[in-house]
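**Q** pasting the structure only:
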């Protein structure tokens, strides 16, 4: 018996086939466009990370009361902080020191001016709130001389603050990304009181030291060589024991120097303020703060770590994010480390600092702050900041003031 024949399936009309092809093409174009947009945002993020930038204007001056010597700023997590800070501006003055908060409300913060502004003074509204406080070495009222350090990139200017009595203990201060050596001036008196000579250095592409061939940051992967040159300078000046103190990206540089330096025998310890311990954690945190899709950050990491893509973005070699992850390489630590980091940092998350302390409790001491923002621990609580560093230095047997 013959099986019944299936009814032939009707062929789609020509119009239906055309519509389907158009739909598929539109989907492909849309997918390609979204991928292109994702790649463009990722490229921009990667380029921003490695490109030296000027000081960001991150706050507005709303008014100045010359009679009361106060300034009113837009309220932000930084401008409302207790303590002493700095304000970069333009007009009658280019830098102001700020004291305590006098009043604040939902949108504004008024702070005491510690730099006099005359009644006829005029300041531009756009300003940059800063943790520097001191912006010139002479403001410390300590002996200082300007010196030059010969590094692989060329002559790097530095400030040398000699101890009152000849000592073989030096500390090398390494500033962070997008700043200069003036950032580290806050810590100089701490070490001077300990009888330690301080060296505040510059490094490639920071606006004071020579520019590299690419003119971009390597996030510590090559800048550490300039720190190593500073150690060599210190040893020629009589140093036999050297502390490295790094701020933010300067912390990443010190951690690289600690394992790669030719002078490991004279390194006696590291002090890290709001340090970058793992760049991936910073990139992902910044992505979340900017509400970027996770794939954007992932592609940015791939761009930074790829030779061909890194050349397009930064004009140089790939950045070894794996090697710069000091948590993953915690076993390589050789020297005592003091980390000072705020859980409310707001820029470089403290997670990796905590992880490094947990991985190497034999070498790493973690001092956790709250409320204080990125590289503003001294500003927020100068007494505690000073005490923690001095107590740790004394425990290492490096203080020469006793």
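**A** Everything's here; your move. Since the structure is predicted, the reported quantities are computational estimates derived from the model, not experimental observations.
**Q** C-alpha only now, for contacts and for neighbours.
**A** Noted.
**Q** Wait, a helix at residue 155?
**A** No - the assignment for residue 155 by DSSP: H, G, I helix; E, B strand; the rest coil gives strand, which leaves it out of any helix.
**Q** show me the residues around it that make contact.
**A** 148, 149, 209, 210 (Cα atoms under 8 Å, 6 or more residues apart in numbering).
**Q** what about residue 391, how many neighbours?
**A** By other Cα atoms under 10 Å, 12 other residues sit near residue 391.
**Q** now it: how far from residue 194?
**A** Noted for residue 391: a distance of 10 Å to residue 194, by Cα to Cα, to the nearest Å.
**Q** And for residue 130?
**A** 27 Å.
**Q** what does residue 133 give?
**A** With distances taken as Cα to Cα, residue 133 is found 21 Å from residue 194.
**Q** cool, and residue 347?
**A** From residue 347 over to residue 194 the distance is 31 Å, taken as Cα to Cα.
**Q** do the same with residue 376
**A** 22 Å.
**Q** Which of those two has more residues huddled nearby?
**A** Between residue 376 and residue 194, residue 376 has the larger neighbour count (other Cα under 10 Å), namely 25 against 19.
**Q** so who does the more buried one touch?
**A** So residue 376 contacts residue 131 (Cα under 8 Å, 6+ apart).
**Q** What of residue 400?
**A** By Cα under 8 Å, 6+ apart, the residues touching residue 400 are 167, 169, 194, 195, 196.
**Q** and if you look at residue 115?
**A** 96, 97, 98.
**Q** Just the pLDDT for residue 318.
**A** We have a pLDDT of 87 for residue 318.
**Q** That one contacts residue 302, doesn't it?
**A** No - Residue 318 is not in contact with residue 302 according to Cα atoms under 8 Å; the separation is 9.4 Å.
**Q** Now do the strands in the protein.
**A** Counting by DSSP state E, the chain has strands at residues 59-65, 70-74, 85-88, 95-104, 108-113, 126-130, 145-151, 154-161, 169-174, 197-201, 241-247, 267-273, 337-342, 364-369.
**Q** Which strand residues bridge residue 271?
**A** Counting by DSSP bridges, residue 271 is bridged to residue 245, residue 338.
**Q** State the distance from it to residue 141.
**A** 24 Å.
**Q** what residue is smack in the middle of this structure?
**A** residue 248 (3.5 Å; Cα atoms, centre = their mean).
**Q** who touches the closest residue to that residue other than its chain neighbours in this structure?
**A** Nearest residue to residue 248 in three dimensions, chain neighbours excluded: residue 275, at 4.1 Å (Cα to Cα, 6 or more residues apart in numbering). By Cα under 8 Å, 6+ apart, residue 275 lies in contact with 246, 247, 248, 249, 250, 251, 252, 339, 341, 348, 353.
**Q** which among those gets closest to residue 83?
**A** Closest to residue 83 out of these is residue 341 (16.8 Å), distances taken as Cα to Cα.
**Q** List the residues that contact the nearest residue to that closest one once chain neighbours are set aside.
**A** Excluding the flanking residues, the one nearest residue 341 by Cα to Cα, 6+ apart is residue 274, at 4.7 Å. Residues near residue 274 by Cα under 8 Å, 6+ apart: 247, 248, 251, 339, 340, 341, 342, 345, 348, 350, 374, 375.
**Q** from these, which would you call buried?
**A** Neighbour counting with 16 or more other Cα atoms under 10 Å marks 247, 248, 251, 339, 340, 341, 342, 345, 348, 350, 374, 375 as buried within the contacts of residue 274.
**Q** hang on, the second one packs against residue 276?
**A** Yes - because the distance of 5.4 Å satisfies Cα under 8 Å, residue 248 is recorded as touching residue 276.
**Q** shared neighbours, the two?
**A** Taking Cα under 8 Å, 6+ apart as the contact rule, residue 248 and residue 276 both touch residue 348.
**Q** Return the set of buried residues in stretch 118-134.
**A** By neighbour count on 16+ other Cα under 10 Å, the buried set for stretch 118-134 is 123, 127, 128, 129, 130, 131, 132, 133, 134.
**Q** chain center to it: distance?
**A** Here the centre of mass of C-alpha atoms in stretch 118-134, compared against the chain's by Cα atoms, centre = their mean, to the nearest Å, lies 22 Å away.
**Q** Quick one: end-to-end distance for it.
**A** Taking Cα to Cα, stretch 118-134 runs 21 Å from one end to the other.
**Q** what does that stretch rub up against?
**A** By Cα under 8 Å, 6+ apart, the residues outside stretch 118-134 that reach it are 55-62, 66-67, 78-79, 84-93, 97-98, 140, 182-186, 375-376, 379.
**Q** and with 7 Å instead?
**A** Residues external to stretch 118-134 that are found in contact with it (Cα atoms under 7 Å, 6 or more residues apart in numbering): 56-62, 66, 79, 84-92, 97, 183, 185-186, 375-376, 379.
**Q** ditto for stretch 82-98
**A** Stretch 82-98 has contacts (Cα under 7 Å, 6+ apart) with 99-101, 111-115, 121-124, 126-133, 379-381.
**Q** Could you tell me how many residues sit around residue 346?
**A** When neighbours are counted by other Cα under 10 Å, residue 346 comes out with 17.
**Q** OK, contacts around it?
**A** Residues counted as contacts of residue 346 (Cα under 7 Å, 6+ apart) are 373, 374.
**Q** Now do it, the pLDDT please.
**A** Confidence at residue 346, expressed as pLDDT, is 96.
**Q** which residues of the chain score low on pLDDT?
**A** The model of the chain has pLDDT under 70 over residues 1-37, 308-315, 402.
**Q** can you list the domains in it?
**A** For the chain, the structural domains run 59-130, 137-395, going by automatic domain parsing.
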